[in-house]
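K.L.:
Provided below for reference: sequence and predicted model.
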Amino acid sequence: MRVNNQPQTTLWCESATQTTFIIDQTLLPHQLDIIPLKTLDDFCHSISAMQVRGAPLIGITAAFGLAAAIAVNPQSTAIAQAANTLIATRPTAINLRWAVEKIQASVANVAEAQRADVALQHATRLRQHDIATCEAIGEHGYQLIAEQHRRNPNKTLNILTHCNAGWLATIDWGTALAPIYKAQQAGIPLHVWVDETRPRNQGAKLTAWELGQQGVPHTIIADNTGGHLMQHGLVDLCIVGSDRTTAAGDVCNKIGTYLKALSANDNNVPFYVALPASTIDWTITDGVKDIPIEEREAEEITHMNGVDANGQLHEVLISAPGSAAANYGFDVTPARLVTGLITEHGVYSANQTHLAELQNRVVNAQ
Ligand code: MRU
């Protein structure tokens, strides 16, 4: 995707200096800072402090993090320890474990002296794979948008999204936003309702910024607005991302997603979830029971940051001093509320039978 009309990705590695570079997303949209990651601590901090965030990007960051750790100590026990440290940084997004396990597997039968090179090559392949995967999700999701457009060619399509599942959450393209970028390229008139996504405002800050950079018309709405818009026929389609999807099609995504799915269901608005197959946890079927929900610091609820008229960043207290705040990061949308899962392999129904077909396809492709 583009920033100020220049091509930009979220993460890349300079192999000569063994340095990975990321965009510090905690400073967007006010500042575009690129920061280097070298040590395992740097990588862990970047994930837990949400300098990088979004399930696919967390996974790729962890892959390069493990490669960096292996360059320092290629012994199996040290690799296992580094892997566990990375996996513990954020508990909900399954791509983190997926990517770390891929790197571990890539070096398992390799001599210690070669492990660093092999791990770095594998992390680089995962990064490339993420770009291709997200573009394929974009193509499949585009077909759904094009179908709606064919039915009503003179209408601007209104698509609602929650959190940030755009290119900032991946290496490029994004998941939920990839179909939107493909539709924009095809000339389909569309407008995106962007949920602000409290408490960290990934919608108002990140999604709005990246859509603006690509010239996609959009409007930021307070989180509780979606139901009202749907009642008034102002949403044609919802597309969101996923941090973990069960083998039965329950979807865990940023807190507030479930309420959007309920509203969509009540108003006959199609509710699609866009995700790479790596986001599916094939070991579980009950999302509410089996997915660990990250709880973050109360300060993310009680405080907000932004810039003043002079462009200076500040953090301010917005709540009653001394009140407790509970900060659940994610919620689970039951499969029955999901119209379809847009994956890199096509659009699947959110049920165990259809997803088993996808699992076979993924396993056969390995
Ligand atoms: O807490 P975050 O910002 O990492 O949460 C991100 C989301 O919930 C995204 O919707 C999800 O990771 C899908 S990203 C393609």
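P.N.:
Everything's here; your move.

K.L.:
can we go C-alpha only for contacts and neighbour counts from here?
P.N.:
Will do.

K.L.:
neighbours around D223, how many?
P.N.:
When neighbours are counted by other CA atoms under 10 Å, D223 registers 22.

K.L.:
residues touching the nearest residue to E294 once chain neighbours are set aside, list them.
P.N.:
Excluding the flanking residues, the one nearest E294 by CA to CA, 6 or more residues apart in numbering is G329, at 5.3 Å. With contact taken as CA atoms under 8 Å, 6 or more residues apart in numbering, G329 is in contact with K254, I255, I293, E294, E295, R296.

K.L.:
again, 10 Å this time
P.N.:
Neighbour list for G329: 92, 198-200, 253-256, 293-297 [criterion: CA atoms under 10 Å, 6 or more residues apart in numbering].

K.L.:
now it: how far from the ligand?
P.N.:
6 Å (CA to the nearest ligand atom, to the nearest Å).

K.L.:
Tell me the pLDDT of that residue.
P.N.:
Note for G329: predicted pLDDT of 98.

K.L.:
The contacts of G329: which ones sit near the ligand?
P.N.:
N253, K254 (CA under 6 Å from any ligand atom).

K.L.:
just the contacts of G329 now: which is nearest S242?
P.N.:
N253 (4.7 Å; CA to CA).

K.L.:
related to what we said a few turns ago, going by neighbour count, which of the contacts of G329 are buried?
P.N.:
Buried residues within the contacts of G329, counting neighbours by 16 or more other CA atoms under 10 Å: T92, R198, P199, R200, N253, K254, I255, G256, I293.

K.L.:
wouldn't the first one be in contact with R296 here?
P.N.:
No - with contact taken as CA atoms under 10 Å, T92 and R296 are classed as non-touching, separated by 11.7 Å.

K.L.:
hey, C-alpha coordinates of the lowest-mean-pLDDT helix or strand in the chain in PDB?
P.N.:
The helix or strand of the chain with the lowest confidence, counting by mean pLDDT, DSSP states H and E, is helix 352-365 at a mean of 92. Only the C-alpha atoms of helix 352-365 are listed here, as PDB (Å, rounded to 0.1, in the frame of the first residue of the first chain):
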ATOM      1  CA  GLN A 352     -17.500 -27.300  11.100                       C
ATOM      2  CA  THR A 353     -18.400 -29.300   8.000                       C
ATOM      3  CA  HIS A 354     -17.300 -26.700   5.500                       C
ATOM      4  CA  LEU A 355     -14.200 -25.700   7.500                       C
ATOM      5  CA  ALA A 356     -13.100 -29.400   7.600                       C
ATOM      6  CA  GLU A 357     -12.900 -29.100   3.800                       C
ATOM      7  CA  LEU A 358     -10.600 -26.100   4.200                       C
ATOM      8  CA  GLN A 359      -8.500 -27.900   6.800                       C
ATOM      9  CA  ASN A 360      -7.900 -30.800   4.300                       C
ATOM     10  CA  ARG A 361      -7.000 -28.300   1.700                       C
ATOM     11  CA  VAL A 362      -4.500 -26.500   4.000                       C
ATOM     12  CA  VAL A 363      -3.000 -29.800   5.200                       C
ATOM     13  CA  ASN A 364      -2.600 -31.100   1.700                       C
ATOM     14  CA  ALA A 365      -1.000 -27.800   0.600                       C
END
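
K.L.:
Please identify which of the contacts of G329 is nearest to the ligand.
P.N.:
Comparing the contacts of G329 against the ligand with CA to the nearest ligand atom places K254 closest, at 3.7 Å.

K.L.:
For the residue lying closest to the closest one once chain neighbours are set aside, give me its contacts.
P.N.:
Of all residues beyond its chain neighbours, the one nearest K254 is F330 (4.3 Å), with distances taken as CA to CA, 6+ apart. Contact analysis of F330 by CA under 10 Å, 6+ apart lists 92-93, 242-244, 252-258, 291-295.
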